[in-house]
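Asker: coords below, sequence missing:
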């Protein structure tokens with residue numbers, strides 16, 4: 001998990017690894033070596049251990065060469081069979097060389113051997129060299145180098161385990177290394193890439209400690225972001241202020257192995273010097289920790305990589321149990337876990353990605369051992385940095401992977417990364433995914449494969465709900481676990497988290513796209529559709545870019561895809577045999593350029609949330625009345641053969657209907673059909689527009705002229721207008737809706753373009769209504785002119801359609817009102833409303849009104865209709 005790692009400079013060496021562990025696997029791998037490695041890792045001492053069993057020749061690999069050269073310590077476990085391995089002896093020779101030339105600290109451990117035998121090559125060491133001397137592949141120079149190395153190591157004071165307890169020796173080794181690492185931190189910390197600014201912020205904003213305070217700090221962020229390294233940096237910086245302290249590392253991993261008691265023992269040993277091993281269960285260990293904390297003295301505790309609240313409970317991490325002046329630091333991927341433990345927002349620090357400069361510096365140290373890339377590698381390095389997107393873990397892994405490789409290797413690696421991400425990166429990130437419940441896993445994969453960058457509230461939430469997911473809770477969980485964010489209303493995730501999601505889907509299908517739950521890659525989609533190899537496994541096909549070549553499909557192409565929820569296809573698809581089947585599970589049907597006259601007979605659209613058939617050859621979607629309860633968005637724009645829309649009166653949740661460019665369609669009639677039940681219009685309000693919020697004829701910017709349609713009999717210069725009502729009219733003359741048209745323009749273009757408003761997706765307007773009763777207001781947002789540069793320097797018009805029932809929600813006395821006055825204010829100081837018009841709409845003239853607006857010459861291709869709903 002450590003990611004804010006050390007760099008080196010020409011004048012002073014630094015170390016990627018704390019310890020290089022040298023051993024012979026046959027007689028130590030499952031014994032002292034395993035126990036020592038575990039103890040080092042638990043103390044967050046980065047340890048290189050070569051796990052490969054086979055002899056690989058007498059030449060040391062570049063990976064081990066780098067590891068030895070970039071380690072601060074080498075712990076050499078000398079065992080009876082150590083010298084029988086040419087590999088171990090070559091490794092030892094390199095270690096001794098680095099000890100003499102680079103200052104590597106060598107710590108020998110004599111495991112079941114006499115140090116005398118090591119330095120003089122006696123006992124089993126004699127047998128080993130007899131074997132090597134008879135090996136024709138081994139030259140005399142190697143033999144002499146090996147003997148010299150053994151002699152030097154045998155003369156170094158180390159640990160002799162022949163008459164000592166193994167666990168005690170391991171504790172001594174770890175303690176000595178840890179003490180020396182801590183003593184050098186003040187020098188090393190200055191060489192940590194990206195550490196200074198983060199450490200300063202933490203100290204200033206989060207760790208201003210008063211003597212009587214118990215200060216909790218949560219460090220929260222996605223996997224590989226550097227939480228552990230940052231926590232270690234804080235620990236090393238302030239630990240001298242405490243008489244006792246403890247860094248409990250790898251809590252999640254240790255708990256997974258069922259070894260939480262081992263962590264309790266470590267905490268007891270660190271804080272209270274209690275080395276007893278009589279803890280039989282977690283509860284007993286927790287009670288011992290609480291008993292030790294009763295003295296109320298200040299302590300420093302870091303609990304690293306927590307993923308369950310029970311882990312903190314087992315370690316007695318409760319605010320009330322610690323004495324004044326104590327500091328407790330928790331690192332986690334799950335923000336909710338911190339909140340659950342009572343941490344306030346100002347006690348939670350979110351670890352951030354590296355900026356480009358930090359990323360390039362870290363990568364350069366990993367790949368080149370320098371501050372900057374070598375000549376000829378600069379642009380390639382920048383491409384790697386772009387791919388890693390500021391994630392320290394990825395930067396480190398890729399830097400090590402590419403170290404000492406040539407340009408051709410780098411170019412090949414870059415081509416492969418998007419299709420075959422590094423397993424170390426994926427597996428680290430996947431830890432967070434594996435900890436999710438099934439509901440959250442499905443939501444995450446849908447976002448990774450389809451919905452990254454999409455608006456959550458306006459679109460994705462309804463789709464997920466229609467799939468029987470639970471997005472309200474699921475999205476919050478994903479945010480808390482640092483897997484997604486919502487920025488300006490849109491769903492986002494780190495590029496490598498998205499790549500991890502893609503990799504999970506690939507792994508589930510074992511390389512067969514026909515068995516892949518979600519398809520998004522163009523070549524996979526073409527392969528499945530052309531070969532008719534789709535199966536029930538497929539839940540979504542989303543093609544986000546137009547097909548470059550024609551694709552001819554047979555009529556039964558979707559016949560086996562019974563569970564297809566999402567379908568998006570763009571252009572160049574031919575269905576000469578027709579289409580006989582679409583899944584009854586479809587929630588999103590988006591097919592640009594659909595080539596048939598209608599959807600398949602028998603297709604039930606009752607689960608559809610979105611229907612997008614832009615530029616299609618559709619004449620009529622289906623015949624008869626269908627249940628459309630879940631339908632919210634319909635886009636049939638530029639379907640020039642469309643002659644009739646469905647009856648949308650059974651679509652009570654319809655929010656958007658787009659019919660722009662449907663030249664054969666009677667627009668007014670279509671909208672009228674979509675906004676009422678004809679038999680019930682007599683009551684003057686009732687079902688008018690139901691839940692419809694927006695009807696767009698095209699883009700969000702209105703006409704480019706100052707002309708208000710003649711239909712609007714009430715017009716006014718400025719931003720307010722009053723319209724008279726007639727409460728004495730009989731029921732047959734009750735108004736159905738209030739229509740308002742207004743123009744706004746930019747009065748200071750230079751200032752408008754330089755302010756934050758130019759960076760927003762929408763403009764904000766407030767409509768202030770004044771009537772015979774108390775005033776009230778409504779807030780609307782619509783797309784800014786920024787998105788349409790051809791209209792920025794001209795006034796823009798919009799019209800608002802407010803159903804009678806919207807007013808009914810505000811007052812029970814609407815039918816007694818004598819007037820409605822509206823004034824409009826903008827959320828931008830550099831825009832203002834220049835002109836407006838208002839008109840009441842009645843049942844008798846609804847059709848006329850729609851035609852007057854939609855077909856007005858100023859509105860062709862540019863009008864916008866906003867409809868308020870209750």
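Answerer: On my side now, so go ahead. Only a predicted model underlies this, so the values are computations on that prediction, with no experimental measurement involved. Residues are numbered from 1 along each chain as shown.

Asker: please make it C-alpha for all contacts and neighbour counts, starting now.
Answerer: Noted.

Asker: can you map out the strands along the stretch 601-750 of the chain?
Answerer: Per DSSP state E, counting those that start in this stretch, the stretch 601-750 of the chain carries strands over the ranges 610-612, 633-635, 656-658, 694-695, 714-717, 720-724, 735-746.

Asker: which one of these has the lowest average pLDDT?
Answerer: Comparing mean pLDDT over the strands of the stretch 601-750 of the chain, the weakest stretch is strand 694-695, at a mean of 32.

Asker: that older thread, JSON lines for the strands of the stretch 601-750 of the chain, including distance to residue 511 and mean neighbour count?
Answerer: Listed next are those as JSON lines, based on distance: least, C-alpha to C-alpha, whole Å; neighbours: other C-alpha atoms under 10 Å:
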{"stretch": "strand 610-612", "distance to residue 511": "30", "mean neighbour count": "22"}
{"stretch": "strand 633-635", "distance to residue 511": "35", "mean neighbour count": "21"}
{"stretch": "strand 656-658", "distance to residue 511": "39", "mean neighbour count": "22"}
{"stretch": "strand 694-695", "distance to residue 511": "43", "mean neighbour count": "20"}
{"stretch": "strand 714-717", "distance to residue 511": "65", "mean neighbour count": "16"}
{"stretch": "strand 720-724", "distance to residue 511": "63", "mean neighbour count": "18"}
{"stretch": "strand 735-746", "distance to residue 511": "55", "mean neighbour count": "22"}
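
Asker: tell me which helix or strand residue 336 sits in.
Answerer: Residue 336 is part of helix 335-340 when elements are defined by DSSP states H and E.

Asker: how about a markdown table for the strands of the stretch 601-750 of the chain, with distance to residue 316 added?
Answerer: Putting the strands of the stretch 601-750 of the chain into a markdown table (distance: least, C-alpha to C-alpha, whole Å) gives the following:
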| stretch | distance to residue 316 |
| --- | --- |
| strand 610-612 | 51 |
| strand 633-635 | 52 |
| strand 656-658 | 54 |
| strand 694-695 | 55 |
| strand 714-717 | 70 |
| strand 720-724 | 64 |
| strand 735-746 | 61 |
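
Asker: out of these, flag the one nearest residue 475.
Answerer: With C-alpha to C-alpha, the closest approach to residue 475 among the strands of the stretch 601-750 of the chain belongs to strand 610-612: 20.7 Å.

Asker: which other residues reach the closest one?
Answerer: Contacts to strand 610-612, defined as C-alpha atoms under 8 Å, 6 or more residues apart in numbering, come from residues 587-592, 631-636.

Asker: and those, which of them are buried?
Answerer: Using 16 or more other C-alpha atoms under 10 Å as the burial test, the contacts of strand 610-612 include 587-592, 631-636 as buried.

Asker: and which of those is nearest residue 604?
Answerer: Comparing the buried ones among the contacts of strand 610-612 against residue 604 with C-alpha to C-alpha picks out residue 587 as the nearest, at 11.0 Å.

Asker: separation between that closest one and residue 216?
Answerer: As judged by C-alpha to C-alpha, to the nearest Å, residue 587 and residue 216 stand 46 Å apart.

Asker: next, count neighbours for residue 615.
Answerer: 22 (other C-alpha atoms under 10 Å).

Asker: tell me what the helix holding residue 336 is packed against?
Answerer: helix 471-480 (3 or more C-alpha pairs under 8 Å, 6 or more residues apart in numbering; DSSP states H and E).

Asker: in the stretch 701-850 of the chain, where is pLDDT below threshold?
Answerer: Applying pLDDT under 70 to the stretch 701-850 of the chain flags the ranges 701-707, 727-733, 747-764, 777-796, 799, 827-828, 846-848, 850.

Asker: and stretch 565-583, what's buried?
Answerer: Within stretch 565-583, the residues scored as buried using 16+ other C-alpha under 10 Å are 565-574, 578-583.

Asker: would you work out how far apart the start and end of it are?
Answerer: Start to finish, the residues bounding stretch 565-583 are 8 Å apart (C-alpha to C-alpha).

Asker: mean confidence score for the helix or strand encompassing residue 38?
Answerer: Assigned by DSSP H and E, residue 38 belongs to helix 32-42. Averaging pLDDT along helix 32-42 gives 85.

Asker: that older thread, mind putting the buried ones among the contacts of strand 610-612 in a markdown table, distance to residue 604 included?
Answerer: Output for the buried ones among the contacts of strand 610-612, formatted as a markdown table (distance: C-alpha to C-alpha, whole Å):
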| residue | distance to residue 604 |
| --- | --- |
| 587 | 11 |
| 588 | 13 |
| 589 | 12 |
| 590 | 16 |
| 591 | 17 |
| 592 | 20 |
| 631 | 12 |
| 632 | 16 |
| 633 | 16 |
| 634 | 16 |
| 635 | 18 |
| 636 | 18 |
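
Asker: quick check, nearest of those to residue 376?
Answerer: Closest approach between the buried ones among the contacts of strand 610-612 and residue 376, by C-alpha to C-alpha: residue 592, at 44.7 Å.

Asker: my read is that the closest one contacts residue 614, right?
Answerer: Yes: using C-alpha atoms under 8 Å, residue 592 is in contact with residue 614, at 5.0 Å.

Asker: check the burial of the residue lying closest to residue 32 once chain neighbours are set aside by counting its neighbours.
Answerer: With sequence-adjacent residues excluded and distances taken as C-alpha to C-alpha, 6 or more residues apart in numbering, residue 32 is closest to residue 166, at 7.2 Å. For residue 166, the tally of surrounding residues (other C-alpha under 10 Å) stands at 18.

Asker: what's the nearest residue to residue 440 once chain neighbours are set aside in contact with, if anything?
Answerer: With sequence-adjacent residues excluded and distances taken as C-alpha to C-alpha, 6+ apart, residue 440 is closest to residue 474, at 5.2 Å. Applying C-alpha under 8 Å, 6+ apart, we find residue 474 in contact with 439-440, 443.

Asker: helices - which of those land there?
Answerer: Judged by DSSP state H, helices contain the following of those: 439-440, 443.

Asker: in the stretch 201-350 of the chain, which spans are helices?
Answerer: 227-238, 251-256, 260-272, 282-293, 309-314, 335-340 (DSSP state H, counting those that start in this stretch).

Asker: mind listing residues that contact the third one?
Answerer: By that I understand helix 260-272. Applying C-alpha under 8 Å, 6+ apart, the contact partners of helix 260-272 are 244-246, 248, 251, 254, 274-277, 279-282, 285-286, 288-289, 292, 299, 311, 314-315.

Asker: hmm, which of the residues you listed are the buried ones?
Answerer: By neighbour count, with 16+ other C-alpha under 10 Å, the contacts of helix 260-272 hold 244-246, 248, 251, 254, 279, 282, 285-286, 288-289, 292, 299, 311, 314-315 as buried.

Asker: the bottom helix or strand of this protein by mean pLDDT?
Answerer: When each helix and strand of the chain is scored by mean pLDDT, DSSP states H and E, strand 694-695 comes last, with a mean of 32.

Asker: endpoints of stretch 503-514, how far apart?
Answerer: Criterion C-alpha to C-alpha; first-to-last residue distance in stretch 503-514 is 16 Å.

Asker: and for stretch 594-608?
Answerer: Terminal residues of stretch 594-608 lie 17 Å apart, using C-alpha to C-alpha.

Asker: mind listing what's buried in it?
Answerer: In stretch 594-608, counting by 16+ other C-alpha under 10 Å, buried: 594-600, 604-608.

Asker: what's the mean pLDDT across that stretch?
Answerer: The pLDDT scores in stretch 594-608 average 92.

Asker: how near is residue 285 to residue 544?
Answerer: Taking C-alpha to C-alpha as the measure, residue 285 falls 55 Å from residue 544.

Asker: dump the residue contacts of residue 248.
Answerer: 42-43, 263, 266-267, 301-304 are the contacts of residue 248 under C-alpha under 8 Å, 6+ apart.

Asker: my error: substitute residue 478 in the last question.
Answerer: The contact partners of residue 478, by C-alpha under 8 Å, 6+ apart, come to 440, 444, 484.

Asker: let's see that with 10 Å instead.
Answerer: 334-335, 432-433, 436, 440-441, 443-444, 471, 484-485 (C-alpha atoms under 10 Å, 6 or more residues apart in numbering).
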